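> sequence plus predicted model, see below.
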2 protein chains.
Amino acid sequence: MTEFSFRLIATDGAARAGEITTAHGIVRTPAFMPVGTQGAIKGVHHADVRASGADIILGNTYHLMLRPGAERVAALGGLHEFMGWPHAILTDSGGYQVMSLSPLREVAEAGVTFRSHLDGATVELTPERAIEVQILLGADVSMQLDECVRLPAERGDIERAMRLSLRWAERAKRAFERAPAGRALFGIVQGGDDQKLRDASARALTDIGFAGYAIGGLAVGETSEIMRQVVAETAPALPADKPRYLMGVGTPADLLAAVGQGIDMFDCVLPTRNGRHGLAFTRFGPINIKNAHHADDRRPLDAESRCPAAREFSRAYLHHLFKAGESLGGTLLSIVNLFYYQDLMAGAGAAIPAGRFAHYVGATTEQWAARRDMAP
Amino acid sequence: MTEFSFRLIATDGAARAGEITTAHGIVRTPAFMPVGTQGAIKGVHHADVRASGADIILGNTYHLMLRPGAERVAALGGLHEFMGWPHAILTDSGGYQVMSLSPLREVAEAGVTFRSHLDGATVELTPERAIEVQILLGADVSMQLDECVRLPAERGDIERAMRLSLRWAERAKRAFERAPAGRALFGIVQGGDDQKLRDASARALTDIGFAGYAIGGLAVGETSEIMRQVVAETAPALPADKPRYLMGVGTPADLLAAVGQGIDMFDCVLPTRNGRHGLAFTRFGPINIKNAHHADDRRPLDAESRCPAAREFSRAYLHHLFKAGESLGGTLLSIVNLFYYQDLMAGAGAAIPAGRFAHYVGATTEQWAARRDMAP
């Protein structure tokens, strides 16, 4: 069995290029993980996800434990086999979904009790059960259960949740001792927008010791400036020899900023959610394909893109698909966006060893702003 | 420019195998045409439609003239270029959609006036305008405008619509004289479930002379038995040296029956519509993947299928996708069904020259009935 490991290949300022080895292949970092909440990337065939360049995708403990059920997935050979994705998988612990989806939840020392958003059944999720579920799913990377707090919040509430998440981190690590070889567990830094709490959380997690460290509790209502500041100050507090994962972030600009602050891994629903709603991320900045001025535009989204959907279909046709309510439009734009996010990370991964990361960010941002594609 | 032509390669009883040559490639018959009403096969990427084996797809005059507009499609290079399908395209005339979709319509000698189902605007469709639209779209095969009558209906109503459709056929043929070289126009036999009217319609259309002949006004409310009887008696009344197209039909069993009666071309929404609703057509008969007994079934739909989606995903996973509301499930089953329909036609096309069509139908039907896949 391949051991999980992280190799730092190069740095450029705080930015890092590296490589995570998993039992299901190598993950080049900085890495963007498409979100496959329920065992599928919404509207996109696995083959297209892989073609986009994704080495790893995200599954979700909360969703998969409720449906189809962790024991069922295990009996069917684990999540890789079940969904037909033979590459790496990270599973989120479910803490965020308990906060955002459950109509009723009760957080106690033991764990969280919530009502399923599917059928209203009462479900208990403890740090130990979250690990058990992820072991059953067969995730290459498991996440500890944490308590996520929406921002803005009182410092007292943020601290209480952060301390509880730390105690759960210890329990998660103990529970993870039963995991088969080759699997990794990440701890999650909490502390809201309070840097002292973030630092304390990072230190305590480092003392416990994890295979990687996530920054959680961001992209939960705070401004982009606060988010970037927390990342800038928290990333250096994490061990340099382990991967750093910024959860649930974000726009292409957010990703570039965070890579510049030393983040290695990302997940976000934006490429697929925005794609389904008609927004394409391109080298020329975002393009809202539903705008009427695309109706007669024969040009593709990007004639030089690596993505077939960005090259082969005209903006007029993509516009028509959205106007006509054809789901193929959302699928094609989701694919375009998944390719764009992967290319953005691959570009950063190539620029960092060359000492050109700042130049790469500058050139990329300038091209977004120039909107050269809008020229007549 | 390649001329449109039909070559009869072999017959076996009434069943025919042949080849239609178009400016956009050869169409092997018997042929099933996936339905791309609005310039897209619902939920399925063109590449998968092509991979299924489709030589030709169907577009719809009524839908495309309303949105995005025929003149717009023409300015964008025609429907092949607009949608990115370089193979053959047949466009339905819109007669059926006027009947089924328009909240208000008025049929007169000149043509049909209807309210758009999109914005309520009043639109006039004449036999000449239907041809003009299809010339603008660039269809390889255009259909005359006809009046379609829902069954059951009074003989008087059926006859009036049939006679009107014949007069419209003459006007369509005259209007089609302006079509660029290489394009073909088909007439449409009407006459409901009255064989005398069907025969009269077929004779009169043959006298006018078309590149192919369709049997319309079926699959509009009549029983499967009546439909098959009308086809059995009408097909022999059509010229043997021209393709015969049965519009809007049907199930795999309907298709085999109609091929046995001398039909060469089909279109139907069933493979994609049923796919979206969880019904897979397979060699083992239809499988409703939403049934609970699939939840733990590791077997693929058909391990020996030519279709990757039928081979590579377990029934348990497909079941989960439908239960979880993931649109990927509908997409995958639509692809499975499109492959199955193409394979069914390809099997017939191979059996006919070998004089084994009856055997092919018998073996196929027996395998559906045996439900061998349900064995433990």
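Looks like it came in fine.

> tell me the buried residues in the host helix or strand of A:Glu366?
According to DSSP states H and E, A:Glu366 maps onto helix A:357-370. Residues of helix A:357-370 classed as buried by neighbour count (16 or more other Cβ atoms under 10 Å in any protein chain shown): A:Phe357, A:Tyr360, A:Val361, A:Thr364, A:Trp368. Just so you know, the C-beta spots here come from the backbone N, C-alpha and C atoms, and that holds for glycine as well.

> can you redo the residues you listed as TSV with distance to chain B and pLDDT?
Formatted as TSV, the buried residues of helix A:357-370 follow (distance: Cβ to the nearest Cβ, whole Å; pLDDT from 0 to 100):
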residue	distance to chain B	pLDDT
A:Phe357	35	98
A:Tyr360	32	98
A:Val361	34	98
A:Thr364	29	98
A:Trp368	27	95
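
> SS state for A:Phe6?
strand (DSSP: H, G, I helix; E, B strand; the rest coil).

> so it makes contact with A:Asp241?
Yes. In this structure, A:Phe6 is within contact of A:Asp241 by Cβ atoms under 8 Å, at 6.9 Å.

> comparing those two, which residue is more hemmed in?
A:Phe6 (20 against 10; other Cβ atoms under 10 Å in any protein chain shown).

> and that one, how far is that from chain B?
Distance of A:Phe6 to chain B, given as Cβ to the nearest Cβ, to the nearest Å: 31 Å.

> per-residue confidence for that residue?
Per-residue pLDDT puts A:Phe6 at 98.

> dump the residue contacts of it.
Counting by Cβ atoms under 8 Å, 6 or more residues apart in numbering or on different chains, A:Phe6 touches A:Gly18, A:Glu19, A:Ile20, A:Thr21, A:Thr29, A:Ala211, A:Gly212, A:Asp241, A:Lys242, A:Pro243, A:Asp264.

> again, only this time at 10 Å
Taking Cβ atoms under 10 Å, 6 or more residues apart in numbering or on different chains, we find A:Phe6 in contact with A:16, A:18-21, A:27, A:29, A:184, A:211-212, A:239, A:241-244, A:264.

> re earlier: can you pull the residues that touch both of A:Phe6 and A:Asp241?
Residues touching both A:Phe6 and A:Asp241 (Cβ under 10 Å, 6+ apart): A:Gly18.

> quick check: nearest residue in space to A:Gly347, chain neighbours excluded?
Spatial nearest neighbour of A:Gly347, excluding adjacent residues (Cβ to Cβ, 6 or more residues apart in numbering or on different chains): A:Tyr360 at 5.9 Å.

> shouldn't A:Ala184 be in contact with A:His24?
No. Counting by Cβ atoms under 10 Å, A:Ala184 stays clear of A:His24, with 11.6 Å between them.

> neighbour count: the two, which is higher?
Taking other Cβ under 10 Å, A:Ala184 and A:His24 do not tie; A:Ala184 has more neighbours (24 against 19).

> now whichever residue of the stretch 151-300 of chain A sits closest to chain B, nearest residue through space, not along the chain?
Nearest residue of the stretch 151-300 of chain A to chain B (Cβ to the nearest Cβ) works out as A:Arg298 at 5.8 Å. Setting aside the residues directly before and after it, A:Arg298 is nearest to A:Ser314 in space (Cβ to Cβ, 6+ apart), at 4.9 Å.

> ditto for A:Leu101
Nearest to A:Leu101 is A:His117, by Cβ to Cβ, 6+ apart, at 4.6 Å.

> do the same with A:Thr91
In space, and not counting its chain neighbours, A:Thr91 is closest to A:Ala139: 3.9 Å by Cβ to Cβ, 6+ apart.

> next one: A:Ile263
Sequence neighbours aside, A:Leu246 is the residue nearest to A:Ile263 in space, at 4.6 Å (criterion: Cβ to Cβ, 6+ apart).

> which single one of the buried residues of helix A:357-370 is nearest to B:Gly39?
Nearest to B:Gly39 out of those is A:Trp368 (Cβ to Cβ; 30.7 Å).
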